[in-house]
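Asks: Sequence first, then the predicted structure:
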Amino acid sequence: MNPFTCIVRRDLLLAFRRRSDVFNTLVFFIIVVSLFPLGVGPEPNQLRAMAPGVIWVAALLASMLALNRLFAADFADGTLEQMALSPEPLFLLVVAKVLAHWLVAGLPLVLIAPVLGIQFDMSVDAILVMMLALALGTPVLSLIGAVGAALTLGVRGGGVLVALLVLPLYIPVLVFGAGAVVATGAGVSAQAHLLLIGASLVLSLVLSPWATAMALRISLE
Amino acid sequence: MLEAHGLECTRGERTLFRGLSFSVAPAQLLHLGGANGAGKTSLLRILCGLLSPARGEIRWNGRPIAAIREEYAAKLLYIGHANALKDELTALENLQVGGTLAGRRCTREAAIGALGELGVGRCAHLPVRALSQGQRRRVSLARLALGARNAEAINDENAARLWILDEPFAALDTAAVVHLENLIGAHVAGGGIVVLTTHQPLAVVATGMFRIELEYDTEASQ
């Protein structure tokens, strides 16, 4: 087994044995999204109009909530040092960790989103576009978040700092992600929005692991 | 050959050591001594490349380690203060992950053998959470035995030549201490290099053993 698959497998195994952590993110997402129709009232047009924004904001907060789990445990028990000393390039191991993190914290959000969309009386088209936008957008959130998590490793009150660091970078994803769904609802093609999210995915896939690896080496000093 | 040239290390306001130079040749063991806080762990982390020194550099076979990071990493086995074990994984899973991360082929049989060698073979399938402090240390140290096994199996090419061990004897019982000393002795005798810190008198039978004492220098901090 090569180190990349080894780390993905290990992190998935750890997540499986620490299930409550995983459910935290998902339950948070479901609760936040479900409370809105109850709080705002059952007016279908209003619900349809706010659905994309509510779901995207909740997904963004949920993935930010999961960020501090990304490196903290490995940092505390010394595994991160071993990763930094591995002959394998550190950025590859970072990609492995982020991939495993997304499979555990991001993918469930994408899969549960259609069920939540029904609460908002969203059309089938809008739900499909929303899933696609989330599937493209949540990996960007994980990748960008990894940089913030790496920079704030071992810092007290790191949680707030991560939020301050990564939120500005999350905003384009939020705007285009929600925009794609709004466009579909209005009968316009969502292609432009989706392409922009795709572009930011490619960009963050190239830059973020490298920046994260640098940040981790600094944090380990 | 591991060489240190004019190392200086500063942590916060304090200079831990300066102008430190030494070299360790194959089949030699360097025992670092010094009081708590003298900078032993910092020096080991500098030797690994985890920490960059304020001045000076480390060379491996004549080349600075920063320039040959991956090549150096393939030759290095570092066991730090922390055991690098996951509570939720079994001893065997932990060892396999550790071995794979270090870039070594790590079969299940070899891993079980290495755990057995350190006397924790019976715990191989227990989650590390259930193990005692000493047993955890043994599981962590099994990576050394795994490295030694691989060295025999695949003819030295990929094996770790340099072991850097931070307090390897901490929390071990007498039997395990003797066994670890034998393991280190065999590695040195086989042409390996070992750098370690310990407060215990070292009974390793190695001819090329020497000691550097780091002084807790109050002058240096001023």
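Replies: Noted; the coordinates are in hand.
Asks: residues from chain A in reach of chain B?
Replies: A:1-3, A:6-7, A:10, A:13-14, A:17-18, A:73, A:76-79, A:81-89, A:93, A:220-221 (CB under 8 Å from any CB of the partner chain). Any C-beta I mention is one placed from the backbone N, CA and C, and that applies to glycine too.
Asks: Generate the ChimeraX command that creates a selection of the buried members of those residues.
Replies: Of these, the buried ones can be selected in ChimeraX as follows, counting by 16 or more other CB atoms under 10 Å in any protein chain shown:
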select /A:3,6,7,10,13,14,18,73,77,78,79,81,82,83,84,85,86,87,88,89,93,220
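Asks: Helices - which of the residues of chain A next to chain B land there?
Replies: Secondary structure defined by DSSP state H assigns A:3, A:6-7, A:10, A:13-14, A:17, A:73, A:76-77, A:79, A:81-84, A:93, A:220 of the residues of chain A next to chain B to helices.
Asks: which phi and psi does the residue in chain A sticking out farthest from the centre have?
Replies: No residue in chain A sits farther from the centre than residue A:43, which is 30.1 Å out by CA atoms, centre = their mean. Listed backbone geometry of residue A:43 is phi -80, psi 110, with angles given as degrees, to the nearest 10.
Asks: What does the pLDDT read for it?
Replies: Confidence per residue is given as pLDDT, and for residue A:43 that number is 89.
Asks: Then residue B:176?
Replies: As predicted, residue B:176 sits at a pLDDT of 88.
Asks: What distance do you get for it to residue B:168?
Replies: Taken as CB to CB, to the nearest Å, the spacing of residue B:176 relative to residue B:168 amounts to 10 Å.
Asks: what residues are shared contacts of the two?
Replies: Shared between the contact lists of residue B:176 and residue B:168 (criterion: CB atoms under 8 Å, 6 or more residues apart in numbering or on different chains) are residues residue B:137.
Asks: These two - which one has more neighbours?
Replies: When residue B:176 and residue B:168 are compared for neighbours, residue B:168 comes out ahead with 25 against 20, by other CB atoms under 10 Å in any protein chain shown.
Asks: Nearest to chain B: which residue in chain A?
Replies: With CB to the nearest CB, the shortest gap between chain A and chain B falls at residue A:78, namely 2.8 Å.
Asks: which one is that residue nearest to, not counting chain neighbours?
Replies: In space, residue A:78 comes closest to residue B:82 once its chain neighbours are excluded; the distance is 2.8 Å by CB to CB, 6 or more residues apart in numbering or on different chains.
Asks: Now do the same contact list for that neighbour.
Replies: Counting by CB under 8 Å, 6+ apart, residue B:82 makes contact with A:76, A:77, A:78, A:81.
Asks: Please state the backbone phi and psi of it?
Replies: phi -80, psi 150.
Asks: Could you do the one 5 residues further on as well?
Replies: For residue B:87, the backbone dihedrals are phi -60, psi -40 (criterion: degrees, to the nearest 10).
Asks: Touching, it and residue B:129? I think so.
Replies: Yes. Residue B:87 is in contact with residue B:129 according to CB atoms under 8 Å; the separation is 4.1 Å.
Asks: Pick out whichever of the two has more residues nearby.
Replies: A direct count of neighbours by other CB under 10 Å for residue B:87 and residue B:129 places residue B:87 higher, at 16 against 13.
Asks: show me the contacts for that one.
Replies: Residue B:87 makes contact with B:127, B:128, B:129 under the criterion CB under 8 Å, 6+ apart.
Asks: and the residues you listed as CSV, adding distance to residue B:94?
Replies: Listed next are the contacts of residue B:87 as CSV, based on distance: CB to CB, whole Å:
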residue, distance to residue B:94
B:127, 9
B:128, 6
B:129, 11
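Asks: CSV for these, including pLDDT, secondary structure and distance to chain A?
Replies: Putting the contacts of residue B:87 into CSV (pLDDT from 0 to 100; DSSP: H, G, I helix; E, B strand; the rest coil; distance: CB to the nearest CB, whole Å) gives the following:
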residue, pLDDT, secondary structure, distance to chain A
B:127, 92, strand, 8
B:128, 92, helix, 10
B:129, 92, helix, 10
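Asks: Is the top helix by length along chain B positioned near chain A?
Replies: Using DSSP H to assign secondary structure, the helix with the most residues in chain B is helix B:133-153. No. Helix B:133-153 does not reach chain A (CB under 8 Å from any CB); its nearest approach is 8.8 Å.
Asks: Strands along chain B, start to end?
Replies: Counting by DSSP state E, the segments of chain B that form strands are B:2-11, B:14-24, B:28-34, B:55-60, B:63-64, B:76-79, B:162-166, B:193-197, B:209-214.
Asks: Minimum distance to chain A: which of these has it?
Replies: With respect to chain A, and counting by CB to the nearest CB, the nearest of the strands of chain B is strand B:76-79 at 5.5 Å.
Asks: Contact residues of chain B facing chain A?
Replies: Counting by CB under 8 Å from any CB, the residues of chain B that sit close to chain A are B:48-52, B:70-71, B:73-74, B:76, B:78, B:80-86, B:88-89, B:93, B:96-98, B:100-103.
Asks: Residue of chain B closest to chain A, please.
Replies: When distances are taken as CB to the nearest CB, chain B reaches nearest to chain A at residue B:82, 2.8 Å away.
Asks: Distance check, that residue against residue B:199.
Replies: Taking CB to CB as the measure, residue B:82 falls 18 Å from residue B:199.
Asks: just residue A:24 next, same as before
Replies: From residue A:24 to residue B:199 the distance is 43 Å (CB to CB).
Asks: which SSE is residue A:52 in?
Replies: Residue A:52 is part of helix A:44-65 when elements are defined by DSSP states H and E.
Asks: and if you look at residue A:29?
Replies: Under the criterion of DSSP H and E, residue A:29 resides in helix A:19-40.
Asks: by contact count, what packs against that helix?
Replies: Of the remaining helices and strands, those touching helix A:19-40 by 3 or more CB pairs under 8 Å, 6 or more residues apart in numbering or on different chains; DSSP states H and E are helix A:44-65, helix A:90-105, helix A:107-119.
Asks: got the angle between that helix and helix A:3-17?
Replies: Using axes from the mean of the first three to the mean of the last three CA atoms, to 10 degrees, one finds that helix A:19-40 and helix A:3-17 are set 70 degrees apart in direction.
Asks: outside of helix A:19-40, which residues touch it?
Replies: Judged by CB under 8 Å, 6+ apart, the contacts made with helix A:19-40 from elsewhere in the structure are A:15, A:46-47, A:50, A:54-55, A:58-59, A:61-63, A:65-66, A:69, A:104-105, A:108-109, A:112, A:116, A:119-120.
Asks: do the same with stretch A:1-18
Replies: Where contact means CB under 8 Å, 6+ apart, the residues beyond stretch A:1-18 that reach it are A:21-22, A:83, A:86, A:88, A:92-93, A:95-97, A:99-101, A:103-104, B:86, B:88-89, B:93, B:96-97, B:100-101, B:103.
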